[in-house]
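J.: got a predicted structure here, sequence first:
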Amino acid sequence: MPATEPVPVTTARSRLRLSIGAAVVLGLVVLSAAVGLGIMRGQAQPVQTVSIDSPAEEAAVSGELYVHVLGQVAVPGLYVLDSDARVVDALAAAGGTLDDADLQAVNLARTLSDGEQLIVPAIGQAGEDGAAAPIGDGLIDLNNADQTALETLPRIGPALAQRIIDWREDNGGFRSVDDLLAVPGIGDKLLSGLRDLVRV
């Protein structure tokens with residue numbers, strides 16, 4: 001019976017190295033697959049993107065309000081507030097009110113709307129809800145009145161009040177009451193009914 005030839009040591013070592021190498025490669029493949037799966041599972045779902053063309057749209061998307069605070073406050077200006085902000089929050093953002101502010105004319109609990117102009121009157125110049133009210137002579141100042149004050153005028157609804165504000169901002173204010181004729185929707189007949197109620 002012929003004797004079995006011994007396996008050369010170099011061949012055994014080669015096989016051992018191949019086995020170890022194959023195990024390492026297999027381990028790396030398994031590890032890579034596990035990491036890849038974990039990354040895929042951890043990815044956030046895509047969110048819908050919104051195209052924002054104006055600060056007003058940005059405010060609507062982000063749940064914020066742009067409010068213009070004027071009158072008897074420490075730091076008048078434009079402020080960005082939370083969507084559920086109230087008048088008291090706007091006044092706080094503007095550094096608080098001055099000593100001569102008439103807080104009885106301002107409803108501190110009223111909720112604000114985006115694009116609103118909030119005017120805090122001085123004592124003796126008060127109007128409802130912080131509106132830029134009738135000043136001394138009982139007339140509404142077209143260059144200072146906010147939408148709430150303008151809507152108290154006869155036949156002036158929200159849309160027309162906003163047009164008056166837009167015209168005022170686009171043209172640097174009213175120079176005379178007759179400038180109201182340049183506002184879309186206001187004709188001679190409507191102007192005649194407003195002439196004795198407003199001033200510039």
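T.: Perfect, thanks for sending it.
J.: got a list of what residue 101 touches?
T.: Residues in contact with residue 101 (C-beta atoms under 8 Å, 6 or more residues apart in numbering) are 71-73, 120-123. No exception for glycine: its C-beta is placed from N, CA and C like everyone else's.
J.: in PyMOL, how would I select just the buried ones from the residues you listed?
T.: Selecting only the buried members of the contacts of residue 101 in PyMOL, with burial defined as 16 or more other C-beta atoms under 10 Å, works like this:
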select buried, resi 71+72+73+120+121
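J.: most widely separated two among the contacts of residue 101?
T.: 73 and 123 (14.2 Å; C-beta to C-beta).
J.: just to revisit the earlier point, looking at the contacts of residue 101, which is nearest residue 170?
T.: Lowest distance from residue 170 to these (C-beta to C-beta) belongs to residue 71, with 22.2 Å.
J.: immediately after the lowest-mean-pLDDT helix or strand in the chain, which helix or strand?
T.: Least confident helix or strand, the chain: helix 55-62 with a mean of 48, by mean pLDDT, DSSP states H and E. Using DSSP states H and E, the helix or strand that follows helix 55-62 in sequence is strand 64-71.
J.: give me the sheet partners of that next one and which way each runs.
T.: Strands that pair with strand 64-71, judged by DSSP bridges, come out as strand 77-82 (antiparallel), strand 116-120 (parallel).
J.: what lies in contact with that strand?
T.: Residues outside strand 64-71 that contact it (C-beta under 8 Å, 6+ apart) are 55-56, 58-59, 76-83, 85, 90-91, 93-94, 101, 112-122, 130, 132, 144.
J.: please pick the buried ones from these.
T.: When these are checked for burial by 16+ other C-beta under 10 Å, the buried set is 59, 76, 79, 81, 85, 90-91, 93-94, 101, 112, 114, 116-121, 130, 132, 144.
J.: coming back round to it: out of the strands paired with strand 64-71, which gets the lowest mean score?
T.: Lowest mean pLDDT within these: strand 116-120, at a mean of 84.
J.: so after that strand, what's the next helix or strand?
T.: Next along from strand 116-120, by DSSP H and E: strand 140-141.
J.: elements contacting that next one?
T.: Helices and strands touching strand 140-141, as assessed by 3 or more C-beta pairs under 8 Å, 6 or more residues apart in numbering; DSSP states H and E, comprise strand 198-199.
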